[in-house]
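Chemist: pasting the sequence and the predicted model now:
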Amino acid sequence: GAGVSQSPRYKVAKRGQDVALRCDPISGHVSLFWYQQALGQGPEFLTYFQNEAQLDKSGLPSDRFFAERPEGSVSTLKIQRTQQEDSAVYLCASSSSYREYSTDTQYFGPGTRLTVL
Amino acid sequence: GDSVTQMEGPVTLSEEAFLTINCTYTATGYPSLFWYVQYPGEGLQLLLKATKADDKGSNKGFEATYRKETTSFHLEKGSVQVSDSAVYFCALSEGGTSYGKLTFGQGTILTVHP
């Protein structure tokens, strides 16, 4: 089957606009992660879902960032009132594990490159 | 908090050269360690992993050994190919209730010339 898909692949927003980034995980995967990757840096954790429950949102940088996964499948990361420092690649990953201590492979999508002007 | 430090890059090698990319980590518990690779135009994918001290992960000719005494997980390959050109990320997953979330290093760009 298909891997993790993300849309749009590229998004240009004017400062102050709201954006919504979509992630379609691998079918049946319980766990879903969002990461933010600034230019030249490694990805940084934003938030984690187990099915529809958001169990960890410790990495969200501000209350302008909001994520949801209402039916336990597709997830949306929303950024309100975008700022230039929000410019980054946003990565989504899914895995089949649901354990608290997991070493299972995370499968990454291609990412959405957000540019805020 | 937990952190991962990779050797500064980029790294440029000729085909069939020996590769080492250094990775050290700081963690409070007993993390699992990973190397992910990002080929041009593709998403991150797992290259190898090790879940406890002295474990060796290996895949596609790459190897890395989990060294708890030196808090390191260096990536090695005996003979690189042009097709190995990519960005390599070292990462850890802490134990406990992390659900496997990853902490990444900054990445090392590898370019292999024919």
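Modeler: Arrived safely. Numbers count the residues shown, from 1 in each chain, chains lettered A, B, ... in the order given.

Chemist: got the residues of chain A near chain B?
Modeler: Residues of chain A found near chain B (CB under 8 Å from any CB of the partner chain) are A:3-4, A:31, A:33, A:35, A:40-45, A:48, A:50, A:55-56, A:59, A:91, A:93, A:95, A:97-111. All C-beta spots, glycine's among them, are computed from the backbone N, C-alpha and C.

Chemist: just the buried ones from those residues, in ChimeraX syntax?
Modeler: Under the burial definition 16 or more other CB atoms under 10 Å in any protein chain shown, those of the residues of chain A next to chain B that qualify are selected in ChimeraX by:
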select /A:4,31,33,35,42,43,44,45,48,50,56,59,91,93,95,97,101,102,103,104,105,106,107,108,109,110,111
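
Chemist: quick check: phi and psi at residue 53.
Modeler: I'll assume chain A. phi -90, psi 130 (degrees, to the nearest 10).

Chemist: actually it's chain B I care about, not the one you picked
Modeler: For B:Ala53, the backbone dihedrals (degrees, to the nearest 10) come out as phi -60, psi 140.

Chemist: please look at it and B:Thr65 and confirm they touch.
Modeler: No: taking CB atoms under 8 Å as the definition, B:Ala53 is not a contact partner of B:Thr65, at 9.4 Å.

Chemist: out of these two, which sits in the more crowded spot?
Modeler: Each of B:Ala53 and B:Thr65 has its neighbours counted (other CB atoms under 10 Å in any protein chain shown); B:Thr65 has more, 17 against 12.

Chemist: how many neighbours does the closest residue to A:Asp18 other than its chain neighbours have?
Modeler: The shortest distance from A:Asp18 to any non-neighbouring residue, by CB to CB, 6 or more residues apart in numbering or on different chains, is to A:Gln80 (4.9 Å). Residues near A:Gln80, counting by other CB under 10 Å, number 14.

Chemist: for the one 4 residues further on, same thing?
Modeler: Other residues near A:Gln84 come to 9 when the count uses other CB under 10 Å.

Chemist: my read: it touches A:Val116, true?
Modeler: Yes: taking CB under 8 Å as the definition, A:Gln84 is a contact partner of A:Val116 at 5.1 Å.

Chemist: overlap in contacts of these two?
Modeler: A:Arg15 (CB atoms under 8 Å, 6 or more residues apart in numbering or on different chains).
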